[in-house]
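Student: coordinates for the following, if possible.
(one chain, ligands or ions: 1)
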Amino acid sequence: MSKAQIDQVFEKLKESGDKAFISYIMAGDGGLDGLKHQIKTLEAAGVDIIELGIPFSDPVADGPVIQQAGIRALDAGVSLRKILDELKKIKDDINVPIVLMTYINPVLNIGYQAFAEDARNSGVSGVILPDVPFEEEDEISTHLGDNDIALVRLVTLTSDEGRIRELCEGAEGFLYAVTVKGTTGGRTSFGEDTYELLRKIKGIADVPVCAGFGVSNREMAEALGDHCDGVIVGSKIVEMLHQGEAEGIKNLIPEKSSAVK
Ligand SMILES: O=P(O)(O)OC[C@@H](O)[C@@H](O)c1c[nH]c2ccccc12
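Tutor: Below is the predicted model:
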C-alpha cells in the first residue's frame, strides 16, 4: 500500500457521501501475534483506515487508556522494529490503509531513511508524528515522500488561522483535527470551539479533514462527522479490544449509505 490508498478510500467515501471511520489501536497490546486478528476484526466492523500506535515510554499526548496499552505492549517486548517485521508478514492480508502513529524517538533509533524504506516494504500508507514540529518535518518528510508514504499533520485548537493555512499547504493523506485541548481519552460532548475549528479547517484544506480525541460513542462520531470528512476513535476501541468486547466496535461506527441501500 502507499499514500494513494488513503486518497482512494476518501474518494470512494465522497462518492457515496459517507464519512471515514478511523480506528487507532496500540500495536502489540495483547501481543504481536494478535495484531492480524485485531486488524481483521476492525476491517470486518467497517473501519476504513487503521492508525497503528507504536508503544513508547514517554507518550506526551496519550491519556491513561492508551498509556496503559503502551505499557502492556512494551512489557510484551514489542518495538517499532518488531511491528514493522510483523506488518511485512501480514500486509497481503490487510485491506485497509495503515497509518503509523509514533513518537519520533523509536524512528530515530532506526534512522529516517531506513524507517521510511522499511515502512514502505511493510505496506504502510502514512505516518503521524505528534512530537515533530511542523518547522522540523522536512528532515523526515523527504524520506517518507521518496517512499510514497503520507505524513499526516495534526491541527489543534491552539492553531490560529495563519498556522492552519501553513498546515493545509502541501498536506497529505488527511488532516488530523485534534478536537480538545489535552490528552486522548473519552469525553461526553464537544464545545462550540471544536466545531468552529473544523469549519475553519474545512474552509481552507484541500485534503480531507478527520477529527479525533474524545469520541466514545456513535452519536459523537455522527455529530463530528457532520462537520468534517471522518472521525478517529482510539481509547474506546483500545479498551474494548483489551476487555474482549470487540463485537461492540461496529456499534461505534455511523452507518454507511451503501449499507442502508
Ligand atoms: O483516544 P481518543 O481520545 O479516541 O483519541 C484518538 C487517539 O487516541 C489517537 O489518535 C492517538 C493516540 N495517541 C496519540 C498521540 C497524538 C495524536 C493522536 C493520538
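Student: in this structure, what residue comes closest to the ligand?
Tutor: G234 (2.4 Å; CB to the nearest ligand atom). Backbone N, C-alpha and C define where each C-beta goes, glycine included.
Student: where's that residue relative to F115, distance?
Tutor: Spatial separation of G234 from F115 under the definition CB to CB, to the nearest Å is 22 Å.
Student: likewise for S57?
Tutor: 18 Å.
Student: report how many residues lie close to P106.
Tutor: Residues near P106, counting by other CB atoms under 10 Å, number 18.
Student: repeat for I71
Tutor: 15.
Student: Y24: what secondary structure?
Tutor: Going by DSSP: H, G, I helix; E, B strand; the rest coil, the secondary structure assigned to Y24 is strand.
Student: that one pairs with what?
Tutor: Applying DSSP bridges to Y24 yields these beta-bridge partners: E51.
Student: distance of it from D146?
Tutor: Plainly put, Y24 is 26 Å away from D146 if you go by CB to CB.
Student: what's the answer for R72, then?
Tutor: With distances defined as CB to CB, the gap from R72 to D146 amounts to 34 Å.
Student: out of the two, which sits in the more crowded spot?
Tutor: Between R72 and D146, counting by other CB under 10 Å, R72 is the more crowded of the two (18 against 12).
Student: now that one: closest residue in space that isn't a chain neighbour?
Tutor: Distance criterion CB to CB, 6 or more residues apart in numbering; nearest residue to R72, sequence neighbours excluded, is D29 at 5.1 Å.
Student: please apply the same query to C228.
Tutor: If the residues on either side of it in the chain are set aside, C228 comes closest to V209, at 4.4 Å by CB to CB, 6+ apart.
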